[in-house]
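Engineer: With the sequence up front, the predicted model follows.
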Amino acid sequence: MATIQKRKKQNGTHSYRVMIRQSDGFPPISKTFPTRQEAKDWAQQEEARRRQGTYLSHRHYHKHTLAELIERYVAIVLPTKPKNASETLRHLTWWKEKLGKYAVQNISPDLIASERQKLAEGLTPNGTPRSPATVNRYLAALSVVMTYGVRECGWITDNPCLRVTKFKESRGRDRVATPDECARIIVECQNSRNEHLLPIVLLAITTGMRRGEITSLTWDLVDLEKGVIHLKDTKNGRPRTVSLIGEPRQILRERSLTRQRHTPYVFPAKKTFGCISIRKAWDEAVKRTGIEDLHFHDLRHTFATYAAESGASNLELAAAMGHQTLQMLQRYTHINENTTRRLSSAVHERILETNNGKNKAPKAG
């Protein structure tokens, strides 16, 4: 219940002090106004907010800055999300530099949109323009922090990022390598100085695995007897099983006999302990083939396209590729091994085992 006290000042004028004390779990608050009507209006507004559950204690007002909120999120929440931590930290550091001095409740959609536009018009550290997708990732990082400020910190009542329109992103690449292009790139991978390039490319073509999933592959995830690879640390966080068949399986079987026991990686780096980098070797191999506009990730699109042409359904493709595009996908995880084996076999036969031998991959030396 609000009480209004009339107070006389030393200069003879009056002020009106409002005090709200309620046994509703909120702390008492008070504020002074020059007129009784202003005091009455404010009291009614505050009491209504308390009843409606939209009240935010004034002890939080003008106290916490965005920099504080980001620092708290980075210290408490970000360590629990290691997969994209470095990228998220880079995005949040940018927002902290631009808007960190502002109190969180004073950050409006217009202010965010203004800074986002500057980001879009600026250049990356490499001197290249930022794509709409990259700018949207920056906005998404800030939005997550703002939601944290609403739900867990209680420093703000809503997330202003939700009222900022995202940029329209491009459809992305849909480049698919032809069987002839696959055969040519396989020949050059065979001739590469990098001994790991050939099996890595063969795995990408016949399983649809991502480059990071292949280069970080460890022997404990490979079951050569059953001919499967059990992926645990995937992009969407869901484990999946892919089939290991044909020439890729044979190459890994041979390498398992001479593997380096001091490292768990199937494709270890020579000079450093950890995952291998094939960027340079891949670029050189593609250049030697004369094939234009072919990225390593296009091999994943190639697998998906040829698997679909072999009759795979959307559900089967989602299981094989590790996409969570279907809500019921997790109910059918038992089809992964059999399905991916059939799909991998179809792609392997089309690209690596053609009848005339024209596109057949060279045997591993």
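Structural biologist: Thanks, I have the structure now.
Engineer: And what about residue 127, helix, strand or coil?
Structural biologist: Of the three states, residue 127 takes coil under DSSP: H, G, I helix; E, B strand; the rest coil.
Engineer: can you map out the helices along the stretch 101-250 of the chain?
Structural biologist: The residue ranges that make up the helices of the stretch 101-250 of the chain, judged by DSSP state H, counting those that start in this stretch, are 109-121, 132-148, 179-190, 197-207, 211-215, 246-257.
Engineer: Make JSON lines from those and add mean pLDDT, mean neighbour count and distance to residue 264 to it.
Structural biologist: All C-beta spots, glycine's among them, are computed from the backbone N, C-alpha and C. Below are these laid out as JSON lines (pLDDT from 0 to 100; neighbours: other Cβ atoms under 10 Å; distance: least, Cβ to Cβ, whole Å):
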{"stretch": "helix 109-121", "mean pLDDT": "93", "mean neighbour count": "15", "distance to residue 264": "40"}
{"stretch": "helix 132-148", "mean pLDDT": "95", "mean neighbour count": "19", "distance to residue 264": "31"}
{"stretch": "helix 179-190", "mean pLDDT": "93", "mean neighbour count": "20", "distance to residue 264": "24"}
{"stretch": "helix 197-207", "mean pLDDT": "93", "mean neighbour count": "26", "distance to residue 264": "17"}
{"stretch": "helix 211-215", "mean pLDDT": "91", "mean neighbour count": "20", "distance to residue 264": "13"}
{"stretch": "helix 246-257", "mean pLDDT": "92", "mean neighbour count": "17", "distance to residue 264": "12"}
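Engineer: which stretch among those helices comes nearest residue 227?
Structural biologist: With respect to residue 227, and counting by Cβ to Cβ, the nearest of the helices of the stretch 101-250 of the chain is helix 246-257 at 5.7 Å.
Engineer: The closest one vs helix 197-207, what angle?
Structural biologist: On the basis of axes from the mean of the first three to the mean of the last three Cα atoms, to 10 degrees, helix 246-257 is oriented at 130 degrees to helix 197-207.
Engineer: Check which helices and strands helix 246-257 sits against.
Structural biologist: helix 197-207, helix 336-352 (3 or more Cβ pairs under 8 Å, 6 or more residues apart in numbering; DSSP states H and E).
Engineer: other SSEs contacting the longest one?
Structural biologist: It refers to helix 336-352. Counting contacts by 3+ Cβ pairs under 8 Å, 6+ apart, helix 336-352 is packed against helix 179-190, helix 197-207, strand 240-243, helix 246-257, helix 298-309, helix 314-321.
Engineer: and of the ones you listed, who's closest to residue 223?
Structural biologist: If you check each of the helices and strands packed on helix 336-352 against residue 223 by Cβ to Cβ, strand 240-243 wins as the nearest, at 9.2 Å.
Engineer: what's the domain layout of this structure?
Structural biologist: The record's domain parsing of the chain by automatic domain parsing lists 2-52, 66-163, 179-352.
Engineer: what about the first one, average pLDDT?
Structural biologist: Just to be clear, that refers to domain 2-52. Over the span of domain 2-52, the pLDDT mean works out to 80.
Engineer: Number the residues from 26 up from this point.
Structural biologist: Sounds good: first residue 26 from here, last item domain 27-77.
Engineer: could the helices of the stretch 126-275 of the chain be laid out in TSV, adding distance to residue 190?
Structural biologist: Putting the helices of the stretch 126-275 of the chain into TSV (distance: least, Cβ to Cβ, whole Å) gives the following:
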stretch	distance to residue 190
helix 134-146	8
helix 157-173	10
helix 204-215	40
helix 222-232	36
helix 236-240	31
helix 271-282	45
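Engineer: Between those, which one is closest to residue 316.
Structural biologist: With distances scored as Cβ to Cβ, the stretch of the helices of the stretch 126-275 of the chain nearest to residue 316 is helix 204-215 (5.4 Å).
Engineer: For the closest one, what is the distance to the chain centroid?
Structural biologist: For helix 204-215, the distance from its own C-alpha centre to the chain's C-alpha centre is 31 Å (Cα atoms, centre = their mean, to the nearest Å).
Engineer: Mind giving me the packing neighbours of it?
Structural biologist: By 3+ Cβ pairs under 8 Å, 6+ apart, helix 204-215 packs against helix 222-232, helix 304-314, helix 361-377.
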